[in-house]
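**Q** with the input below, show me the fold.
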Amino acid sequence: VFTNQSIVEANHAATIAARVDLGGVVNTSALTDLELLGGSPADPNRISGGSIAGLGMVSLVNTALVGYGTIETTPPGGLGTEIRADDGVLSLLGVAPAVGLLGTAAADGQLHLASPLTAGGGDLVELLGGRLVAPSVTLASGSFLRLRDAPFGIVEAASIRFEDGSTTVIADAGSQLRLAGDSWIDRQADLTGLGTLVNTAGRRMQIDSDATLDVALRNTGTLELGVGVGQVETLEFVQTAAGVLEFDVAGLTPGTEHDHLTVAGGSTATLAGTLAVEVSGPYIPTVGDSLEIISAPGGVVGQFTSEKLPTLAPLTVWDVVYAADHVTLEVIEGLTTDFDEDGVSGGSDFIAWQRGYPDGTTVTEGDSDGDGDVDRDDLLRWQAEFGHEAALPAALVARPSFAAIPEPTTFGLLAIGCLMLLRGRSKQRRAG
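**A** Just a heads-up that it's a prediction; the model follows:
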(Lines give C-alpha, C1' and ligand atoms only; values in the text may rest on other atoms or scores of the structure.)
Protein backbone atom coordinates (compact mmCIF):
# COMPACT_ATOMS: atom_id res chain seq x y z
CA VAL A 1 0.00 0.00 0.00
CA PHE A 2 1.41 3.37 -1.05
CA THR A 3 -0.47 6.11 0.81
CA ASN A 4 -0.94 9.62 -0.52
CA GLN A 5 2.20 10.60 1.37
CA SER A 6 4.36 7.94 -0.28
CA ILE A 7 7.10 8.72 -2.81
CA VAL A 8 8.70 5.74 -4.53
CA GLU A 9 11.82 6.10 -6.69
CA ALA A 10 12.09 3.28 -9.25
CA ASN A 11 15.43 3.26 -11.08
CA HIS A 12 15.76 -0.34 -12.31
CA ALA A 13 13.69 -3.26 -13.48
CA ALA A 14 11.44 -4.46 -10.69
CA THR A 15 8.48 -6.73 -10.10
CA ILE A 16 5.67 -6.42 -7.56
CA ALA A 17 3.80 -9.69 -7.14
CA ALA A 18 1.27 -8.43 -4.59
CA ARG A 19 -1.82 -6.39 -5.30
CA VAL A 20 -1.00 -2.64 -5.16
CA ASP A 21 -2.97 0.28 -3.69
CA LEU A 22 -1.41 3.49 -4.98
CA GLY A 23 -2.22 6.80 -3.34
CA GLY A 24 1.19 8.43 -3.55
CA VAL A 25 3.77 9.07 -6.28
CA VAL A 26 5.90 6.58 -8.18
CA ASN A 27 8.80 8.21 -10.03
CA THR A 28 10.48 6.13 -12.73
CA SER A 29 13.75 6.59 -14.61
CA ALA A 30 14.47 5.71 -18.22
CA LEU A 31 15.89 2.37 -17.01
CA THR A 32 12.74 1.41 -15.13
CA ASP A 33 10.53 -1.49 -16.18
CA LEU A 34 8.12 -1.95 -13.30
CA GLU A 35 5.88 -5.01 -13.62
CA LEU A 36 2.72 -5.31 -11.55
CA LEU A 37 1.79 -8.99 -11.35
CA GLY A 38 -0.69 -8.93 -8.48
CA GLY A 39 -4.38 -8.24 -8.46
CA SER A 40 -7.09 -9.52 -10.77
CA PRO A 41 -10.27 -8.20 -12.42
CA ALA A 42 -12.16 -9.39 -9.33
CA ASP A 43 -9.61 -7.89 -6.88
CA PRO A 44 -7.73 -5.28 -8.95
CA ASN A 45 -4.78 -3.04 -8.26
CA ARG A 46 -6.13 0.36 -7.30
CA ILE A 47 -4.96 3.90 -7.88
CA SER A 48 -6.59 6.44 -5.56
CA GLY A 49 -5.42 9.89 -6.57
CA GLY A 50 -1.82 8.78 -7.01
CA SER A 51 0.47 9.23 -9.97
CA ILE A 52 3.09 7.31 -11.91
CA ALA A 53 5.59 9.70 -13.50
CA GLY A 54 8.90 9.69 -15.31
CA LEU A 55 10.50 8.12 -18.37
CA GLY A 56 10.16 4.48 -17.45
CA MET A 57 7.62 1.77 -18.22
CA VAL A 58 4.98 0.21 -16.03
CA SER A 59 3.48 -3.09 -17.17
CA LEU A 60 0.40 -4.92 -16.02
CA VAL A 61 0.59 -8.65 -16.73
CA ASN A 62 -2.73 -10.47 -16.77
CA THR A 63 -4.09 -8.17 -14.10
CA ALA A 64 -6.17 -5.00 -13.65
CA LEU A 65 -5.79 -1.39 -12.53
CA VAL A 66 -8.87 0.51 -11.38
CA GLY A 67 -9.35 3.98 -9.89
CA TYR A 68 -8.47 7.63 -10.41
CA GLY A 69 -5.21 9.50 -10.72
CA THR A 70 -2.55 10.24 -13.34
CA ILE A 71 -0.20 8.01 -15.29
CA GLU A 72 2.46 10.02 -17.14
CA THR A 73 4.78 7.18 -18.11
CA THR A 74 4.38 4.87 -21.07
CA PRO A 75 0.94 3.56 -20.09
CA PRO A 76 0.65 0.14 -18.54
CA GLY A 77 -0.43 -2.58 -20.91
CA GLY A 78 -0.18 -6.19 -21.89
CA LEU A 79 -2.25 -9.16 -22.89
CA GLY A 80 -5.17 -9.77 -20.54
CA THR A 81 -4.83 -6.36 -18.91
CA GLU A 82 -7.76 -4.23 -17.74
CA ILE A 83 -7.61 -0.48 -17.05
CA ARG A 84 -10.79 1.11 -15.73
CA ALA A 85 -11.58 4.56 -14.36
CA ASP A 86 -13.52 4.65 -11.09
CA ASP A 87 -14.39 7.25 -8.42
CA GLY A 88 -13.10 10.12 -10.58
CA VAL A 89 -10.78 10.89 -13.50
CA LEU A 90 -8.04 8.49 -14.53
CA SER A 91 -5.70 10.30 -16.95
CA LEU A 92 -3.30 8.44 -19.23
CA LEU A 93 -0.94 11.05 -20.61
CA GLY A 94 1.20 8.86 -22.87
CA VAL A 95 0.32 6.84 -25.95
CA ALA A 96 -3.00 5.02 -25.62
CA PRO A 97 -2.16 1.60 -24.21
CA ALA A 98 -2.61 -1.73 -25.95
CA VAL A 99 -4.65 -3.66 -23.41
CA GLY A 100 -7.30 -6.32 -23.35
CA LEU A 101 -9.92 -4.02 -21.82
CA LEU A 102 -10.07 -0.25 -21.45
CA GLY A 103 -12.97 1.69 -19.96
CA THR A 104 -14.86 2.59 -16.80
CA ALA A 105 -15.92 0.66 -13.70
CA ALA A 106 -18.91 2.79 -12.69
CA ALA A 107 -20.93 5.89 -13.51
CA ASP A 108 -18.46 8.12 -11.61
CA GLY A 109 -15.47 6.98 -13.66
CA GLN A 110 -13.93 9.09 -16.41
CA LEU A 111 -11.05 7.74 -18.48
CA HIS A 112 -9.11 10.57 -20.17
CA LEU A 113 -6.61 9.67 -22.90
CA ALA A 114 -4.15 12.29 -24.15
CA SER A 115 -3.56 10.37 -27.40
CA PRO A 116 -6.00 9.09 -30.04
CA LEU A 117 -7.50 5.68 -29.29
CA THR A 118 -7.58 3.06 -32.04
CA ALA A 119 -9.07 -0.23 -30.87
CA GLY A 120 -7.93 -3.15 -33.00
CA GLY A 121 -8.72 -6.82 -33.34
CA GLY A 122 -9.78 -8.35 -30.02
CA ASP A 123 -9.63 -5.05 -28.08
CA LEU A 124 -12.58 -4.33 -25.82
CA VAL A 125 -13.69 -0.86 -24.76
CA GLU A 126 -16.27 -1.31 -22.02
CA LEU A 127 -18.26 1.37 -20.23
CA LEU A 128 -20.16 0.63 -17.03
CA GLY A 129 -21.43 4.19 -17.18
CA GLY A 130 -19.18 7.21 -16.98
CA ARG A 131 -17.19 8.77 -19.79
CA LEU A 132 -14.34 7.96 -22.18
CA VAL A 133 -12.52 11.08 -23.44
CA ALA A 134 -9.88 11.10 -26.19
CA PRO A 135 -8.82 13.31 -29.13
CA SER A 136 -10.33 10.69 -31.45
CA VAL A 137 -11.76 7.18 -31.13
CA THR A 138 -11.59 4.59 -33.91
CA LEU A 139 -13.15 1.16 -33.60
CA ALA A 140 -11.31 -0.87 -36.22
CA SER A 141 -12.28 -4.28 -37.58
CA GLY A 142 -12.41 -6.92 -34.84
CA SER A 143 -12.73 -4.45 -31.97
CA PHE A 144 -15.60 -4.27 -29.49
CA LEU A 145 -17.34 -1.41 -27.69
CA ARG A 146 -19.81 -2.43 -24.99
CA LEU A 147 -22.07 -0.43 -22.67
CA ARG A 148 -23.74 -2.39 -19.88
CA ASP A 149 -25.18 -2.11 -16.37
CA ALA A 150 -25.68 1.67 -16.62
CA PRO A 151 -28.41 4.06 -17.82
CA PHE A 152 -25.90 5.80 -20.08
CA GLY A 153 -22.26 6.05 -21.06
CA ILE A 154 -20.49 8.80 -23.00
CA VAL A 155 -17.78 8.68 -25.65
CA GLU A 156 -16.33 12.17 -26.09
CA ALA A 157 -13.92 12.90 -28.94
CA ALA A 158 -13.54 15.24 -31.90
CA SER A 159 -14.20 12.26 -34.18
CA ILE A 160 -15.66 8.83 -33.44
CA ARG A 161 -15.52 6.17 -36.16
CA PHE A 162 -17.22 2.79 -36.27
CA GLU A 163 -15.38 0.90 -39.02
CA ASP A 164 -16.47 -2.16 -40.99
CA GLY A 165 -16.10 -5.29 -38.89
CA SER A 166 -16.30 -3.54 -35.51
CA THR A 167 -18.98 -4.53 -33.00
CA THR A 168 -20.82 -2.18 -30.64
CA VAL A 169 -23.24 -3.56 -28.06
CA ILE A 170 -25.64 -1.37 -26.07
CA ALA A 171 -26.77 -4.19 -23.86
CA ASP A 172 -29.62 -2.98 -21.68
CA ALA A 173 -33.09 -1.74 -22.57
CA GLY A 174 -33.36 2.00 -21.88
CA SER A 175 -29.58 2.46 -21.84
CA GLN A 176 -28.01 5.19 -23.99
CA LEU A 177 -24.59 5.31 -25.62
CA ARG A 178 -24.12 9.07 -26.11
CA LEU A 179 -21.64 10.21 -28.76
CA ALA A 180 -20.25 13.62 -27.79
CA GLY A 181 -18.37 14.14 -31.03
CA ASP A 182 -18.79 13.99 -34.79
CA SER A 183 -19.27 10.36 -35.75
CA TRP A 184 -19.13 8.10 -38.81
CA ILE A 185 -20.70 4.64 -39.06
CA ASP A 186 -19.46 2.34 -41.84
CA ARG A 187 -21.87 0.14 -43.78
CA GLN A 188 -20.73 -3.12 -42.20
CA ALA A 189 -20.15 -1.89 -38.67
CA ASP A 190 -22.27 -4.00 -36.32
CA LEU A 191 -24.33 -2.03 -33.78
CA THR A 192 -26.70 -4.14 -31.73
CA GLY A 193 -28.49 -4.41 -28.40
CA LEU A 194 -31.59 -3.30 -26.54
CA GLY A 195 -30.44 0.28 -25.93
CA THR A 196 -30.19 3.52 -27.90
CA LEU A 197 -27.38 5.21 -29.83
CA VAL A 198 -27.53 8.99 -29.29
CA ASN A 199 -26.13 11.71 -31.54
CA THR A 200 -25.80 14.56 -29.06
CA ALA A 201 -26.66 18.23 -29.63
CA GLY A 202 -24.26 20.21 -31.79
CA ARG A 203 -22.66 17.05 -33.24
CA ARG A 204 -22.84 15.56 -36.72
CA MET A 205 -23.44 11.87 -37.38
CA GLN A 206 -22.94 10.37 -40.84
CA ILE A 207 -24.23 6.87 -41.56
CA ASP A 208 -22.94 5.03 -44.62
CA SER A 209 -25.31 4.01 -47.42
CA ASP A 210 -27.15 0.71 -46.86
CA ALA A 211 -26.12 0.55 -43.18
CA THR A 212 -28.35 -1.31 -40.74
CA LEU A 213 -28.37 -0.34 -37.08
CA ASP A 214 -29.85 -3.06 -34.84
CA VAL A 215 -30.34 -0.49 -32.07
CA ALA A 216 -32.64 2.47 -31.55
CA LEU A 217 -31.34 5.82 -32.81
CA ARG A 218 -31.92 9.21 -31.15
CA ASN A 219 -30.86 12.40 -32.93
CA THR A 220 -30.40 15.68 -31.09
CA GLY A 221 -27.67 16.94 -33.45
CA THR A 222 -27.36 16.76 -37.24
CA LEU A 223 -27.89 13.39 -38.94
CA GLU A 224 -26.79 12.72 -42.53
CA LEU A 225 -27.95 9.55 -44.24
CA GLY A 226 -25.74 7.85 -46.81
CA VAL A 227 -22.86 9.03 -48.95
CA GLY A 228 -24.59 11.09 -51.62
CA VAL A 229 -27.86 9.15 -51.40
CA GLY A 230 -28.55 5.96 -49.51
CA GLN A 231 -30.82 3.73 -47.47
CA VAL A 232 -30.39 3.49 -43.67
CA GLU A 233 -32.30 1.17 -41.36
CA THR A 234 -32.69 1.36 -37.57
CA LEU A 235 -34.88 -0.34 -34.97
CA GLU A 236 -36.45 2.89 -33.69
CA PHE A 237 -35.95 6.56 -34.47
CA VAL A 238 -36.45 9.67 -32.33
CA GLN A 239 -35.53 13.21 -33.33
CA THR A 240 -35.82 15.94 -30.72
CA ALA A 241 -36.54 19.64 -31.20
CA ALA A 242 -32.79 20.34 -31.49
CA GLY A 243 -32.24 17.72 -34.17
CA VAL A 244 -31.67 18.20 -37.90
CA LEU A 245 -32.34 15.33 -40.32
CA GLU A 246 -30.72 15.79 -43.74
CA PHE A 247 -31.92 14.17 -46.97
CA ASP A 248 -30.19 14.27 -50.36
CA VAL A 249 -32.49 14.07 -53.38
CA ALA A 250 -31.26 13.23 -56.89
CA GLY A 251 -34.29 11.40 -58.26
CA LEU A 252 -37.50 9.56 -57.41
CA THR A 253 -36.23 6.09 -56.39
CA PRO A 254 -35.79 5.69 -52.61
CA GLY A 255 -32.42 4.44 -51.45
CA THR A 256 -30.69 4.82 -54.81
CA GLU A 257 -31.79 8.26 -56.03
CA HIS A 258 -32.79 9.84 -52.74
CA ASP A 259 -32.10 9.14 -49.07
CA HIS A 260 -34.53 6.90 -47.24
CA LEU A 261 -34.85 6.03 -43.54
CA THR A 262 -36.52 2.75 -42.59
CA VAL A 263 -37.61 2.04 -39.02
CA ALA A 264 -37.80 -1.75 -38.75
CA GLY A 265 -39.18 -4.12 -36.16
CA GLY A 266 -42.61 -2.52 -35.94
CA SER A 267 -41.20 0.45 -34.02
CA THR A 268 -42.07 4.13 -34.42
CA ALA A 269 -40.45 7.18 -35.93
CA THR A 270 -40.94 10.11 -33.55
CA LEU A 271 -40.34 13.41 -35.31
CA ALA A 272 -39.55 16.98 -34.24
CA GLY A 273 -36.83 19.47 -35.07
CA THR A 274 -35.75 20.30 -38.61
CA LEU A 275 -36.06 18.53 -41.94
CA ALA A 276 -33.31 19.70 -44.34
CA VAL A 277 -33.44 18.66 -48.00
CA GLU A 278 -30.86 19.26 -50.72
CA VAL A 279 -31.42 18.54 -54.44
CA SER A 280 -28.41 17.42 -56.48
CA GLY A 281 -27.56 16.21 -59.96
CA PRO A 282 -29.69 16.75 -63.05
CA TYR A 283 -32.96 16.05 -61.24
CA ILE A 284 -35.48 18.91 -61.45
CA PRO A 285 -38.51 18.53 -59.15
CA THR A 286 -41.78 18.89 -61.05
CA VAL A 287 -45.43 18.98 -60.06
CA GLY A 288 -46.63 15.46 -59.29
CA ASP A 289 -43.34 14.12 -57.95
CA SER A 290 -43.69 12.10 -54.74
CA LEU A 291 -40.71 10.89 -52.71
CA GLU A 292 -41.07 8.67 -49.67
CA ILE A 293 -38.29 9.62 -47.25
CA ILE A 294 -39.30 7.78 -44.05
CA SER A 295 -41.14 4.51 -43.53
CA ALA A 296 -42.10 3.23 -40.08
CA PRO A 297 -44.55 0.30 -39.98
CA GLY A 298 -44.97 0.91 -36.24
CA GLY A 299 -46.23 4.43 -36.92
CA VAL A 300 -45.10 8.03 -37.38
CA VAL A 301 -45.48 10.19 -34.28
CA GLY A 302 -45.27 13.98 -34.44
CA GLN A 303 -44.00 16.19 -37.25
CA PHE A 304 -40.94 18.23 -38.10
CA THR A 305 -41.29 21.67 -36.55
CA SER A 306 -39.29 23.43 -39.29
CA GLU A 307 -38.25 22.70 -42.85
CA LYS A 308 -35.29 23.78 -44.99
CA LEU A 309 -36.37 22.93 -48.53
CA PRO A 310 -34.80 23.86 -51.88
CA THR A 311 -36.34 26.67 -53.90
CA LEU A 312 -38.51 25.44 -56.77
CA ALA A 313 -39.78 27.15 -59.92
CA PRO A 314 -42.47 29.83 -59.47
CA LEU A 315 -45.95 28.44 -58.73
CA THR A 316 -44.35 25.23 -57.45
CA VAL A 317 -43.88 24.29 -53.78
CA TRP A 318 -42.92 21.35 -51.59
CA ASP A 319 -45.50 19.65 -49.41
CA VAL A 320 -44.39 17.39 -46.54
CA VAL A 321 -47.11 14.76 -46.14
CA TYR A 322 -47.41 12.75 -42.93
CA ALA A 323 -49.23 9.42 -43.22
CA ALA A 324 -49.80 6.85 -40.49
CA ASP A 325 -46.63 4.90 -41.31
CA HIS A 326 -44.57 7.01 -43.69
CA VAL A 327 -43.53 10.54 -44.65
CA THR A 328 -43.35 11.77 -48.24
CA LEU A 329 -42.12 14.87 -50.01
CA GLU A 330 -44.48 15.98 -52.74
CA VAL A 331 -44.16 18.69 -55.37
CA ILE A 332 -47.45 20.54 -55.87
CA GLU A 333 -48.76 23.73 -57.42
CA GLY A 334 -48.63 26.60 -54.98
CA LEU A 335 -47.57 30.15 -54.21
CA THR A 336 -44.30 31.26 -52.66
CA THR A 337 -45.09 34.99 -52.69
CA ASP A 338 -48.37 35.03 -50.77
CA PHE A 339 -46.63 36.94 -48.00
CA ASP A 340 -49.83 37.99 -46.23
CA GLU A 341 -51.36 34.50 -46.53
CA ASP A 342 -54.62 35.66 -48.09
CA GLY A 343 -54.52 33.02 -50.83
CA VAL A 344 -53.51 35.40 -53.62
CA SER A 345 -50.21 36.73 -54.88
CA GLY A 346 -51.28 40.32 -55.29
CA GLY A 347 -50.67 43.95 -54.55
CA SER A 348 -50.59 43.58 -50.79
CA ASP A 349 -47.77 41.07 -51.18
CA PHE A 350 -45.79 43.59 -53.23
CA ILE A 351 -46.27 46.09 -50.41
CA ALA A 352 -45.02 43.46 -47.92
CA TRP A 353 -41.92 42.89 -50.08
CA GLN A 354 -41.37 46.67 -50.41
CA ARG A 355 -41.54 47.13 -46.65
CA GLY A 356 -39.23 44.17 -46.04
CA TYR A 357 -36.56 45.17 -48.56
CA PRO A 358 -33.63 44.96 -47.90
CA ASP A 359 -33.53 44.06 -44.20
CA GLY A 360 -36.31 41.48 -43.99
CA THR A 361 -35.54 37.83 -43.24
CA THR A 362 -38.91 36.05 -43.06
CA VAL A 363 -41.66 35.00 -45.45
CA THR A 364 -44.08 37.62 -44.13
CA GLU A 365 -41.44 40.28 -44.85
CA GLY A 366 -41.01 39.17 -48.46
CA ASP A 367 -38.51 36.27 -48.43
CA SER A 368 -40.03 33.91 -51.01
CA ASP A 369 -37.10 31.54 -51.54
CA GLY A 370 -36.18 30.85 -47.93
CA ASP A 371 -32.62 32.20 -48.20
CA GLY A 372 -33.02 34.50 -45.22
CA ASP A 373 -33.13 37.85 -47.03
CA VAL A 374 -35.50 40.02 -49.06
CA ASP A 375 -33.96 40.91 -52.41
CA ARG A 376 -34.42 41.22 -56.16
CA ASP A 377 -34.93 37.46 -56.57
CA ASP A 378 -38.00 37.63 -54.34
CA LEU A 379 -39.43 40.49 -56.40
CA LEU A 380 -38.92 38.51 -59.61
CA ARG A 381 -40.76 35.54 -58.12
CA TRP A 382 -43.60 37.84 -57.09
CA GLN A 383 -43.81 39.10 -60.67
CA ALA A 384 -44.02 35.54 -61.98
CA GLU A 385 -46.77 34.59 -59.51
CA PHE A 386 -48.70 37.87 -59.53
CA GLY A 387 -52.44 37.38 -59.94
CA HIS A 388 -52.41 33.65 -59.18
CA GLU A 389 -54.53 32.17 -56.44
CA ALA A 390 -54.05 29.24 -54.08
CA ALA A 391 -56.79 27.04 -52.75
CA LEU A 392 -58.17 28.65 -49.60
CA PRO A 393 -59.98 27.21 -46.58
CA ALA A 394 -63.67 28.00 -46.73
CA ALA A 395 -63.38 30.38 -43.77
CA LEU A 396 -60.98 32.58 -45.71
CA VAL A 397 -62.78 32.59 -49.03
CA ALA A 398 -65.52 34.91 -47.74
CA ARG A 399 -63.17 37.10 -45.74
CA PRO A 400 -63.70 40.71 -46.89
CA SER A 401 -60.80 42.96 -47.82
CA PHE A 402 -61.19 46.59 -46.78
CA ALA A 403 -57.87 47.82 -48.15
CA ALA A 404 -57.95 49.61 -51.48
CA ILE A 405 -55.68 47.65 -53.82
CA PRO A 406 -54.40 49.37 -56.96
CA GLU A 407 -54.95 47.82 -60.38
CA PRO A 408 -52.51 45.13 -61.57
CA THR A 409 -51.07 47.48 -64.16
CA THR A 410 -50.16 49.89 -61.38
CA PHE A 411 -48.26 47.19 -59.51
CA GLY A 412 -46.60 46.08 -62.72
CA LEU A 413 -45.24 49.60 -63.20
CA LEU A 414 -44.16 49.76 -59.56
CA ALA A 415 -42.36 46.44 -59.87
CA ILE A 416 -40.56 47.54 -63.04
CA GLY A 417 -39.54 50.74 -61.30
CA CYS A 418 -38.21 48.81 -58.32
CA LEU A 419 -36.21 46.51 -60.58
CA MET A 420 -34.71 49.49 -62.41
CA LEU A 421 -33.84 51.08 -59.09
CA LEU A 422 -32.19 47.87 -57.88
CA ARG A 423 -30.26 47.55 -61.14
CA GLY A 424 -29.09 51.15 -60.81
CA ARG A 425 -27.89 50.60 -57.26
CA SER A 426 -26.02 47.50 -58.38
CA LYS A 427 -24.24 49.49 -61.11
CA GLN A 428 -23.35 52.22 -58.60
CA ARG A 429 -21.80 49.65 -56.27
CA ARG A 430 -19.75 48.19 -59.11
CA ALA A 431 -18.62 51.66 -60.20
CA GLY A 432 -17.59 52.51 -56.65
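**Q** any regions of this protein where pLDDT drops low?
**A** Low-confidence segments of the chain, defined by pLDDT under 70: 1-13, 29-33, 55-57, 74-80, 97-99, 391-432.
**Q** where is the longest strand in it?
**A** strand 78-92 (DSSP state E).
**Q** direction included, what does that strand pair against?
**A** Its sheet considered, strand 78-92 pairs with strand 64-71 (parallel), strand 99-104 (parallel), strand 110-113 (parallel) by DSSP bridges.
**Q** can you tell me which of those strands is nearest to residue 383?
**A** strand 110-113 (60.5 Å; CB to CB). Any C-beta I mention is one placed from the backbone N, CA and C, and that applies to glycine too.
**Q** any idea which helix or strand comes after that closest one?
**A** Using DSSP states H and E, the helix or strand that follows strand 110-113 towards the C-terminus is strand 117-119.
**Q** and for residue 202, the neighbour number?
**A** Using other CB atoms under 10 Å, residue 202 is surrounded by 12 other residues.
**Q** now residue 194
**A** By other CB under 10 Å, neighbour count at residue 194 equals 15.
**Q** what's opposite residue 183 in the beta bridge?
**A** With DSSP bridges as the rule, residue 183 is bridged to residue 160, residue 205.
**Q** quick revisit: which positions in the longest strand of the chain come out as buried?
**A** 78, 81-92 (16 or more other CB atoms under 10 Å).
**Q** any chance of the strands paired with strand 78-92 in CSV, plus mean neighbour count?
**A** As requested, these are exported to CSV (neighbours: other CB atoms under 10 Å):
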stretch, mean neighbour count
strand 64-71, 22
strand 99-104, 22
strand 110-113, 21
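**Q** tabulate the ones you listed (JSON lines), appending distance to residue 128.
**A** Below are the strands paired with strand 78-92 laid out as JSON lines (distance: least, CB to CB, whole Å):
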{"stretch": "strand 64-71", "distance to residue 128": "11"}
{"stretch": "strand 99-104", "distance to residue 128": "6"}
{"stretch": "strand 110-113", "distance to residue 128": "11"}
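**Q** and residue 168, which of these is closest to it?
**A** Residue 168 lies closest to strand 99-104 among the strands paired with strand 78-92, at 13.0 Å (CB to CB).
**Q** show me the contact partners of the closest one.
**A** Strand 99-104 has contacts (CB atoms under 8 Å, 6 or more residues apart in numbering) with 60, 76-86, 96, 110-111, 117, 119, 122-132, 153.
**Q** before we move on, what about stretch 246-266?
**A** Contacts for stretch 246-266 (CB under 8 Å, 6+ apart): 210, 222-226, 228-237, 245, 269, 275-281, 283, 285, 289-298, 329.
**Q** strands - which of those land there?
**A** 222-225, 231-237, 245, 269, 275-279, 290-295, 329.
**Q** buried sites along the strand or helix carrying residue 319?
**A** Element membership of residue 319, judged by DSSP H and E, is strand 316-322. By neighbour count on 16+ other CB under 10 Å, the buried set for strand 316-322 is 316, 317, 318.
**Q** could you say what helices and strands it packs with?
**A** With contacts taken as 3 or more CB pairs under 8 Å, 6 or more residues apart in numbering; DSSP states H and E, strand 316-322 sits against strand 326-333.
**Q** rerun at 10 Å
**A** In terms of contacts (3 or more CB pairs under 10 Å, 6 or more residues apart in numbering; DSSP states H and E), strand 316-322 is packed against strand 274-279, strand 290-295, strand 300-302, strand 326-333.
**Q** for residue 269, give me its contacts.
**A** Residues near residue 269 by CB atoms under 10 Å, 6 or more residues apart in numbering: 217, 234, 236-239, 261-263, 294-302, 325-327.
**Q** just give the number of residues close to the residue nearest to it when sequence neighbours are not counted.
**A** Among residues not flanking residue 269 along the chain, residue 296 sits closest, at 3.8 Å (CB to CB, 6 or more residues apart in numbering). Using other CB under 10 Å, residue 296 has 26 neighbouring residues.
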